[in-house]
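Asker: Turn this into a model:
(one chain, ligands or ions: 3)
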Amino acid sequence: MTNETLKKAIEQTAVAVRQMNPLVPSITNTVTINFVANAQLAVGGSAAMVYLPDEGEGLAHICQAMYINVGTLFPVYAETLPLTAKVLHEERKPWVLDPVAIGLGKMRTDLLTQFKEYKPSIIRGNASEIIALAGLWNLSGGSAVSEVRGVDSTDTVRAARDAAMALASWTGGAVAVSGAEDLITDGKQVIISKGGSPMMPCITGTGCSLGGVMAVYAAAADPFVAAITGAAVYNLAGSRAETYVKGTGSFQTAFIDELYTAQPSDIAGNPFILE
Ligand SMILES: Nc1ncnc2c1ncn2[C@@H]1O[C@H](COP(=O)(O)OP(=O)(O)O)[C@@H](O)[C@H]1O
Ligand SMILES: Cc1ncsc1CCOP(=O)(O)O
Ligand SMILES: [Mg+2]
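Answerer: Numbering: from 1, shown residues only. Ligands and ions are numbered 1, 2, ... in the order given. I've put the predicted structure just below:
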């Protein structure tokens, strides 16, 4: 892939989701569920949030793509999440996994272990989560899950490069590592997406909603292009929003405005490096 073909693919993806308005349901955490839905709607998707096993399974059958985020688990998810992921895998529907706070608790570890066989099309996490997931799945570049501290990263994005590539090689999809710069790989190529704002990690849900937005784009593009398009619109919107807000409260509102108003050509023009 060249820079020009990638820019064209990003622009086409952003245009396509606005035309399609794809149904992209989520099973996600209760902290940021509203932010996820609003971000998905802002870029052109149709959101639907559920908790129950038959509802996850039912939506997996009819959706164009789906998002699973393990941020706040409830006992019912022991049934909901594997059932839903199994349908997505069997029907070859694109789906995005955010392994939030991997390492915390037995149920989270059990669920994330099971997802290895259901091969998420895109895995999106911060650097520590990506390194820990590769460790849990016994892939190269991974390390013990006990090193994760809650939901925030203690590793640099570059430190997660090998883990990200190993995970993408296993799934056959893409892996996106977020941070001050974002690294996206399909296991062969690596893209660094630039931009964003230091305010982004200071509000909860930028990472979670980025996963939801990547799922929306996965309804219209292959996982690698979808993940790159998600990173690009986030970095563009974050850079723009920080220029006129007073602090992190108004940043969240401005950020959604910038997602909504971002033109496909501007999303494609957000700086990236093809390594
Ligand atoms: N220091 C930073 N500068 C610019 N953008 C950032 C910075 N930290 C995080 N971001 C952006 O915030 C979003 C969420 O990333 P991150 O905070 O790593 O996820 P998580 O919330 O899962 O830990 C991504 O779009 C990322 O590019
Ligand atoms: C704070 C918190 N606690 C459990 S899930 C969650 C949200 C994490 O969101 P993000 O990873 O996008 O900052
Ligand atoms: Mg996160």
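Asker: Show me the beta-bridge partners of residue 273.
Answerer: On the basis of DSSP bridges, residue 273 takes part in beta bridges with residue 192.
Asker: Would you list the phi and psi of residue 189?
Answerer: Residue 189 has phi and psi values of phi -100, psi 150 when expressed as degrees, to the nearest 10.
Asker: my read: it touches residue 3, true?
Answerer: No: assessed by CB atoms under 8 Å, residue 189 is found out of contact with residue 3, at 11.7 Å. Heads up, the C-betas are built off the backbone N, CA and C, glycines and all.
Asker: more crowded one of the two?
Answerer: Applying other CB atoms under 10 Å to residue 189 and residue 3 shows that residue 189 carries more neighbours, namely 16 against 11.
Asker: Pull the contacting residues for that one.
Answerer: 1, 224, 274, 275 (CB atoms under 8 Å, 6 or more residues apart in numbering).
Asker: Can you say which of those are buried?
Answerer: residue 224 (16 or more other CB atoms under 10 Å).
Asker: thinking again about what came up before, joint contacts of residue 189 and residue 3?
Answerer: Taking CB under 8 Å, 6+ apart as the criterion, residue 189 and residue 3 both touch residue 274.
Asker: Show me what residue of the chain gets nearest to ligand 3.
Answerer: Using CB to the ion, the closest approach of the chain to ligand 3 is made by residue 207 at 3.2 Å.
Asker: For this structure, what lies in contact range of ligand 3?
Answerer: Residues of the chain that fall close to ligand 3, judged by CB under 5 Å from the ion: 100, 207.
Asker: Find the centremost residue of the chain, please.
Answerer: residue 211 (2.3 Å; CA atoms, centre = their mean).
Asker: Run a quick neighbour tally on the residue nearest to residue 137 when sequence neighbours are not counted.
Answerer: Leaving aside its sequence neighbours, residue 137 sits nearest to residue 116 (CB to CB, 6 or more residues apart in numbering; 4.8 Å). Residue 116: 16 surrounding residues under other CB under 10 Å.
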